[in-house]
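**Student:** Just the structure for this:
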Amino acid sequence: MEAIVLIVCGLLAGALGALVGLGGGIIIVPALIYLGSYTPLLKPISPQVAVGTSLLIMIFTGLSSTLSYMKHKTVDYKSGWIFFLGSGPGAIVGAWVNQTLKMSTFNVYFGSFMIFVALLLMFKNRLKPVQGLFNQTIKRTFMDGEGHTYEYGYHPLMGILISFIVGFCSGIFGIGGGSLMVPAMMLIFLFPPHVAIATSMFMIFLSALVSSTMHIWLGNVNWTYALFLIPGAWIGAKAGAWMNTKLKSDTLVSILRIILILIGLRLIYQGIVG
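**Tutor:** Here you go, the predicted structure:
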């Protein structure tokens with residue numbers, strides 16, 4: 001029964017993570033903690049081990065979905081590597097802080113921020129791009145399957161700064177970081193949704209390599225759970241990436257908004273009761 005539960009969790013996490021670029025940790029972390037603490041389905045584990053195990057799974061979720069998105073040419077590799085310059089060090093710092101930080105207050109603030117981002121996405125068509133902070137020294141164009149052309153761009157320093165914050169949050173919560181990076185790419189850098197999600201999964205793969213290594217060194221990985229989560233996450237990520245290519249951009253944004261609100265409410269609840 002334990003193996004079946006873990007494989008199903010991996011499937012759901014991989015599919016959802018690849019579909020909207022979140023990585024899937026938002027399902028794995030609370031599932032491992034809840035099922036271990038309140039049901040006989042899994043053995044109890046600490047939040048640190050749940051986070052470390054989740055980040056190890058993110059390696060396979062990120063790699064699986066990235067390989068799928070490569071076929072559709074929606075991964076912006078150069079941007080992914082630039083963002084990794086910030087998210088990698090941020091993930092290391094976040095993993096270290098995770099050991100000692102009392103996260104209840106931070107959960108409330110972070111959850112509130114997630115809901116704020118969801119509201120921003122709701123009104124994103126009425127918002128003007130952020131101008132004047134940095135020049136867009138890196139510019140891109142992308143044409144989707146419907147023939148729509150998108151122009152987007154950013155300054156590397158701004159991208160690295162934002163991705164450092166994303167990596168830091170990923171190292172603490174084990175949620176992959178896409179819940180912050182995808183909205184940032186769409187609202188600040190004007191990435192088209194399909195490219196933002198695919199590039200986010202590539203960055204999550206790179207960041208997870210770093211942050212999970214840190215958690216392995218700290219002893220925060222349940223290898224038995226990982227053994228059963230990985231196959232489900234790999235298959236689920238393939239399915240999520242396939243679904244992503246079949247959905248319109250507006251549909252993806254709507255799904256992302258709903259998920260961000262659910263993330264925010266869960267974090268606020270966890271912060272209050274914890």
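
**Student:** alpha carbons only for contacts and neighbour counts from here, please
**Tutor:** Will do.

**Student:** Show me where the stretch 1-150 of the chain has its strands.
**Tutor:** 138-143, 149-154 (DSSP state E, counting those that start in this stretch).

**Student:** low pLDDT regions in the protein?
**Tutor:** Low-confidence segments of the chain, defined by pLDDT under 70: 38, 101-103, 106, 121, 124-135, 144-146, 174-176, 249, 274.

**Student:** make it 50
**Tutor:** Low-confidence segments of the chain (pLDDT under 50): 131-132.

**Student:** so how far is G52 from the residue located most distally from the centre of it?
**Tutor:** Most distant residue from the mean C-alpha position of the chain: P40, 28.6 Å away (Cα atoms, centre = their mean). For P40, the distance to G52 (Cα to Cα, to the nearest Å) stands at 22 Å.

**Student:** And for A233?
**Tutor:** Per Cα to Cα, A233 is found 15 Å from G52.

**Student:** What of W217?
**Tutor:** W217 is 10 Å from G52, by Cα to Cα.

**Student:** Among those two, which residue is more densely surrounded?
**Tutor:** G52 (32 against 10; other Cα atoms under 10 Å).

**Student:** got the contact list for that one?
**Tutor:** The contact partners of G52, by Cα atoms under 8 Å, 6 or more residues apart in numbering, come to G174, S212, H215, I216, N220, V221.

**Student:** Go through the residues you listed and flag which are in helices.
**Tutor:** S212, H215, I216 (DSSP state H).

**Student:** are any of the residues you listed buried, and which?
**Tutor:** S212, H215, I216 (16 or more other Cα atoms under 10 Å).

**Student:** Take the residues you listed and write them to CSV, including distance to F123.
**Tutor:** CSV is the format used below for those (distance: Cα to Cα, whole Å):
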residue, distance to F123
S212, 35
H215, 38
I216, 41
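
**Student:** Helix or strand: which one has the residue lying closest to W81 once chain neighbours are set aside?
**Tutor:** Spatial nearest neighbour of W81, chain neighbours left out: M203 (7.1 Å); criterion: Cα to Cα, 6 or more residues apart in numbering. Using DSSP states H and E, M203 sits within helix 193-218.

**Student:** Which single one of the contacts of G52 is nearest to A118?
**Tutor:** G174 (20.0 Å; Cα to Cα).

**Student:** quick one: contacts for N222?
**Tutor:** Neighbouring residues of N222 by Cα under 8 Å, 6+ apart: V49, A50, T53.

**Student:** what's the closest non-adjacent residue to the second one?
**Tutor:** For A50, ignoring the flanking residues on the chain, the nearest one in space by Cα to Cα, 6+ apart is V29 at 5.3 Å.

**Student:** The one you found: how many residues sit nearby?
**Tutor:** 23.

**Student:** pretty sure it is touching V51, no?
**Tutor:** Yes - contact criterion Cα atoms under 8 Å: V29 and V51 qualify, at 5.9 Å.

**Student:** re the thing from before, could you identify which of the contacts of N222 has the most neighbours?
**Tutor:** T53 (28 neighbours).

**Student:** What separation is there between the residue nearest to it when sequence neighbours are not counted and A31?
**Tutor:** Leaving aside its sequence neighbours, T53 sits nearest to V221 (Cα to Cα, 6+ apart; 4.6 Å). Distance, V221 to A31, using Cα to Cα: 15 Å.

**Student:** Between these two, which has more neighbouring residues?
**Tutor:** Under the criterion of other Cα under 10 Å, the comparison of V221 against A31 puts V221 first, with 23 against 18.

**Student:** can you tell me which residues contact that one?
**Tutor:** By Cα under 8 Å, 6+ apart, the contact list for V221 reads V49, A50, G52, T53, L56, H215.
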